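> only the shape, not the letters, is given here:
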């Protein structure tokens, strides 16, 4: 029987003491680890030592900061790799911006290595809840479905008359999950994991309400929805096909 390959983690943090401490702890707990100090080194490691199962990305890096690197990862060939962001700053605005850029979880310093390991396992568990053939659509500035288009830079809807419809952060993240996985039935648990980890408690209580709000933004009939349909005992599905255009 072939032994299971351990998960491969990439740490990007300019603090050498943190890199060494986390590397030692994670390796001791059965993970393979590569640790680098900057975005430039991160890109080199992705090419030379990848693929990675998860990237731990510090927010405050010299040169390109963590938010910039997170955004770049989410629009390139590593868009499906889970990202856990670290920061010495605990402001809510930083946390929200990190999640909006596509991070899967967010951990403020100081933290224990044990808590980080638990977060790593939780993020990877959520990520692996998706079937292997459920790949995201190619990154693009505009996504079109039915009579709607989504501006993925400004993060709002545009109707066929060119009128902009504003979305909250939670509404945009949920819509983006559906657009990344069109015509695929997604369970509530999958929607929880894919709409970013730190908001899981909120979504667990209100995922159905959030779907209802999104249907209102799409001017969808709740009883006979055209776009987001309810699949009894299974979850929800975006019934429309999606086309990416720049």
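Yep, that arrived. Note that the structure is a prediction, hence the values are computed from the model and not measured.

> for the protein, what spans make up the helices?
Secondary structure of the chain by DSSP state H: the helices cover 16-28, 39-49, 66-74, 92-100, 113-127, 169-180, 188-194, 200-217.

> quick one, which of these is nearest to residue 107?
Closest approach to residue 107 among the helices of the chain (CB to CB): helix 113-127, 5.9 Å. Yep, even glycine has a C-beta here, placed from its N, CA and C like the rest.

> next, the buried residues of that closest one.
116, 117, 119, 120, 122, 123, 124, 126, 127 (16 or more other CB atoms under 10 Å).

> re the thing from before, could I get the helices of the chain as TSV with mean pLDDT and distance to residue 144?
As requested, these are exported to TSV (pLDDT from 0 to 100; distance: least, CB to CB, whole Å):
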stretch	mean pLDDT	distance to residue 144
helix 16-28	95	42
helix 39-49	94	31
helix 66-74	86	20
helix 92-100	61	22
helix 113-127	86	27
helix 169-180	85	10
helix 188-194	78	21
helix 200-217	73	16
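
> reformat those as JSON lines; add distance to residue 235.
Shown next, in JSON lines, are the helices of the chain (distance: least, CB to CB, whole Å):
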{"stretch": "helix 16-28", "distance to residue 235": "33"}
{"stretch": "helix 39-49", "distance to residue 235": "33"}
{"stretch": "helix 66-74", "distance to residue 235": "24"}
{"stretch": "helix 92-100", "distance to residue 235": "22"}
{"stretch": "helix 113-127", "distance to residue 235": "15"}
{"stretch": "helix 169-180", "distance to residue 235": "11"}
{"stretch": "helix 188-194", "distance to residue 235": "6"}
{"stretch": "helix 200-217", "distance to residue 235": "9"}
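
> residue 142 is nearest to which of those helices?
Going by CB to CB, the one of these nearest residue 142 is helix 169-180, 11.0 Å.

> which parts of the closest one are buried?
Buried residues in helix 169-180 (16+ other CB under 10 Å): 170, 171, 172, 173, 174, 175, 176, 177, 178, 179, 180.

> nearest to residue 216 among these?
Of these, the one sitting nearest to residue 216 (CB to CB) turns out to be residue 171, at 9.6 Å.

> for residue 75, see how far away the closest residue to that closest one other than its chain neighbours is.
The shortest distance from residue 171 to any non-neighbouring residue, by CB to CB, 6 or more residues apart in numbering, is to residue 214 (5.4 Å). Here residue 214 is placed at a distance of 23 Å from residue 75 (CB to CB, to the nearest Å).

> next: residue 192.
Distance from residue 192 to residue 75, by CB to CB: 24 Å.

> tell me which of the two has more neighbours.
residue 192 (20 against 16; other CB atoms under 10 Å).

> gap between the more buried one and residue 163?
Distance from residue 192 to residue 163, by CB to CB: 31 Å.

> residue 148 now?
Taking CB to CB, one finds residue 148 at 11 Å from residue 163.

> higher neighbour count, those two?
residue 148 (19 against 8).

> with adjacent residues omitted, what lies nearest to the more buried one?
Here the residue nearest residue 148, using CB to CB, 6+ apart, is residue 157, at 5.8 Å.

> now do stretch 107-121: distance to the chain's middle.
Distance, stretch centre to chain centre, for stretch 107-121: 18 Å (CA atoms, centre = their mean, to the nearest Å).

> ugh, wrong one, stretch 222-241
22 Å.

> can you list the neighbours in contact with that stretch?
Around stretch 222-241, the neighbours that count as contacts under CB atoms under 8 Å, 6 or more residues apart in numbering are 145-146, 148, 178-179, 181-188, 190-191, 211-212, 214-215, 218, 220.

> I am finished for the moment; much appreciated.
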